[in-house]
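> got a sequence here, can you build the structure:
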Amino acid sequence: MTCSNIYELRKIPIYYEELKGKKIFINALSEMNINKKYVHLLYYKKHNIPVCSLPKLGIVVISKNGFLSFCYNFYLFINSFNTKNISITKQNIYSIGKVALCHEVGHILDPNLSNIKSNSIQIIASIAEGIKKYNIDLKDDYYYKKNLPIELEDCIVEFKKNTISRELNAWNIGKNIVNFESNLERYIFDKMKEYALATYNYGNLKNIVNENNLESYMKSFC
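The predicted structure follows:
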């Protein structure tokens, strides 16, 4: 395993505090090759919000618990493969924060984001129409495990492809605006990208319905 002892995960919040939490992202942003007036940080110390961006507002939202949760999950992901060691160190926790931030800034700077979101809305509408057309009962706890019509399966594949395209754009932009301090930091970037993209390859109709509030969306047409 990358972490020789699972208890090493306890070092993550310790190093986070030693790095002064919010300053990880303030310092990382200051190092980026961008016009800083287009990007703002919104930091929450007590809320549990995943690291995310609000592109139209030029805001990256960060919370202590959200970032720590990402770190735990990332290290557990690394542990599941026989890959080059990424030790839990203060520098590596800083690098993870730096890479997470550059990816979210990538979304803000993506000139194609509006087109991708438009495609996503159209695909979601097609999924909603398919659910209605084939009388799929969303109240059935196992509806997403049953054989779905090809039309719906194709929509799910298109939705994932569109989402991965959005994420790839952000990662590619992020790579061009960040200054890597070492080969290890570049490697951390590559593994975080791999981890993030892997999560979008999984999922099913239930995930899409829940994450996009499709049940409420469909009720509006009843």
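
> this structure: helices as residue ranges?
Secondary structure of the chain (DSSP state H): helices at 11-18, 22-31, 64-79, 90-109, 113-133, 150-177, 183-201, 205-211, 214-219.

> and of these, who's closest to residue 43?
helix 22-31 (4.8 Å; Cβ to Cβ). C-beta: built from backbone N, CA, C; applies to glycine.

> buried residues in the closest one?
24, 25, 28, 29 (16 or more other Cβ atoms under 10 Å).

> alpha carbons of that helix, as PDB, please.
Taking C-alpha atoms only, helix 22-31 is exported to PDB below (Å, rounded to 0.1, in the frame of the first residue of the first chain):
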ATOM      1  CA  LYS A  22      -7.000  28.600   4.000                       C
ATOM      2  CA  LYS A  23      -3.500  29.800   3.300                       C
ATOM      3  CA  ILE A  24      -2.900  26.700   1.200                       C
ATOM      4  CA  PHE A  25      -5.300  28.000  -1.400                       C
ATOM      5  CA  ILE A  26      -4.400  31.700  -1.100                       C
ATOM      6  CA  ASN A  27      -0.700  30.900  -1.700                       C
ATOM      7  CA  ALA A  28      -1.500  28.400  -4.500                       C
ATOM      8  CA  LEU A  29      -3.700  31.000  -6.200                       C
ATOM      9  CA  SER A  30      -1.000  33.600  -6.000                       C
ATOM     10  CA  GLU A  31       1.400  31.200  -7.800                       C
END
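
> from the contact counts, what lies against that helix?
strand 40-44, strand 59-63, helix 90-109 (3 or more Cβ pairs under 8 Å, 6 or more residues apart in numbering; DSSP states H and E).

> what's the most buried one of those?
Of all the helices and strands packed on helix 22-31, helix 90-109 carries the top mean neighbour count, a mean of 23, counting by mean count of other Cβ atoms under 10 Å.

> please report the distance of the spatially most central residue of the chain from residue 104.
The chain has residue 196 as the residue nearest its centroid, 5.7 Å off, counting by Cα atoms, centre = their mean. Residue 196 sits 11 Å away from residue 104, taking Cβ to Cβ, to the nearest Å as the criterion.

> same question for residue 166.
From residue 166 to residue 104 the distance is 12 Å (Cβ to Cβ).

> quick one: residues contacting residue 215.
138, 209 (Cβ atoms under 8 Å, 6 or more residues apart in numbering).

> okay, domains of this protein per the record?
With domains defined by automatic domain parsing, the chain comprises 6-97, 113-219.
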